[in-house]
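Enquirer: Structure for the following, please:
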Amino acid sequence: MTDHALMLVNLGSPASTDVADVRRYLNQFLMDPHVIDLPWPLRRLLVSLILLRRPAQSAEAYASIWWPEGSPLVEISRRLQRAMHAQWQGPVELAMRYGEPSIERVLRRLADQGCERVTLAPLYPQFADSTVTTVIEEARRVIRRHGLRLRLSILPPFYDQPLYLQALTTSARPYLDEGFDHLLLSFHGLPERHLHKRDPSGSHCLKSADCCQRAEGEVLATCYRAQCLKTAEGFARLAGLAPEQWSVAFQSRLGRAKWIEPYTEARLDELAASGVKKLLVMCPAFVADCIETLEEIGDRGREQFLAAGGEELRLVPCLNDHEAWVAALAELCRQAPMEL
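Expert: Numbering: from 1, shown residues only. This is a model prediction of the structure:
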């Protein structure tokens with residue numbers, strides 16, 4: 001039997017910037033019922049319509065940030081995997097929810113090697129069905145389908161864990177110390193219906209302006225927006241930021257459904273109009289830089305802010321393979337509870 005294995009899981013990436021590869025990736029991603037939570041016929045119709053034009057547009061965006069080694073997200077995740085080898089007593093594997101290396105391929109390989117216990121680490125600080133749940137369910141599906149004799153420990157969302165918040169603060173400190181007019185914490189967006197669906201009370205989510213500030217217990221455990229605000233507040237406190245120095249927004253909308261607010265695009269214009277000249281932007285829903293950070297914020301967001309009257313937008317890198325994050329992640333994974 002091999003040692004207790006660690007499996008890091010991130011979102012994934014197209015195999016290349018070719019339109020065909022991007023279309024294949026987007027189809028797998030968008031057809032996940034945890035991402036677009038519509039009945040299969042409606043989801044298939046909607047995704048087919050999206051795939052008429054979106055792959056070419058996305059391929060151009062990917063090409064603008066692609067590295068010589070390949071996808072930034074995949075390469076950064078591999079660097080994290082390599083760094084974790086020194087922190088973990090046992091195999092450290094990397095899988096992607098969409099694309100390669102797939103969760104199925106990695107779990108079957110671990111089982112073939114005689115591994116019996118795996119700590120599954122979805123690399124998402126905050127809970128959402130479209131990130132955390134889909135990773136866990138895919139791992140369980142693979143284990144059931146192939147009859148794998150694997151026991152899982154699962155890293156829970158770590159949005160408010162001191163180890164995570166301290167690593168986030170440490171990694172951002174050099175950028176904060178350079179001086180800025182305002183810090184925007186831009187989290188990935190989510191359709192409002194995802195929040196309503198996960199509200200166990202059925203009467204709390206988005207029912208008042210301060211619902212997320214009051215969320216606790218079971219409501220907080222599955223409320224993505226409330227967890228994002230907890231991350232932002234915890235980071236601001238550790239970083240020593242005054243309330244007027246920072247704000248929160250949500251990016252990456254897709255489709256016509258109502259998404260959680262405020263929107264990052266609108267916030268960029270508002271900040272420029274209010275006189276902010278030097279803007280820092282962090283994206284704490286991501287632990288590795290990717291198309292949403294490098295292209296959406298670092299390129300398009302910067303262009304928008306400058307066009308609106310700002311003078312400088314500086315993107316603070318994600319945690320990536322920062323040594324403080326590597327140490328924090330290893331400890332969080334060691335504490336992950338085993339499924340009964």
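Enquirer: for the protein, what spans make up the strands?
Expert: Applying DSSP state E to the chain gives strands spanning 5-12, 92-98, 117-122, 151-154, 182-188, 246-251, 278-282, 312-315.
Enquirer: Let me see the confidence value for the residue nearest in space to the middle of the chain.
Expert: Residue closest to the mean C-alpha point of the chain, counted by C-alpha atoms, centre = their mean, is residue 286 at 3.7 Å. Listed pLDDT for residue 286 reads 98.
Enquirer: Lowest-scoring secondary structure element of the chain by mean pLDDT?
Expert: When the helices and strands of the chain are compared on mean pLDDT, DSSP states H and E, helix 211-214 comes out lowest with a mean of 89.
Enquirer: What residues of that helix count as buried?
Expert: Judged by neighbour count (16 or more other C-beta atoms under 10 Å), helix 211-214 contains these buried residues: 211-212. Yep, even glycine has a C-beta here, placed from its N, CA and C like the rest.
Enquirer: where in the chain is pLDDT low?
Expert: 1-2, 340 (pLDDT under 70).
Enquirer: Which other helices and strands does the least confident helix or strand of the chain contact?
Expert: The criterion is 3 or more C-beta pairs under 8 Å, 6 or more residues apart in numbering; DSSP states H and E, and the helices and strands that helix 211-214 contacts are helix 224-239.
Enquirer: tell me the contacts of residue 34?
Expert: Listed by C-beta atoms under 8 Å, 6 or more residues apart in numbering, the contact set of residue 34 reads 129-130, 133-134, 137.
Enquirer: where's the closest residue to it other than its chain neighbours relative to residue 309, distance?
Expert: Counting by C-beta to C-beta, 6 or more residues apart in numbering, the nearest residue to residue 34 once its immediate chain neighbours are dropped is residue 134, at 4.0 Å. Between residue 134 and residue 309 the distance is 40 Å, computed by C-beta to C-beta, to the nearest Å.
Enquirer: Neighbour count for these two, which is higher?
Expert: residue 134 (22 against 14; other C-beta atoms under 10 Å).
Enquirer: Surely the more buried one and residue 97 touch.
Expert: Yes - between residue 134 and residue 97 there is a contact under C-beta atoms under 8 Å: 6.1 Å.
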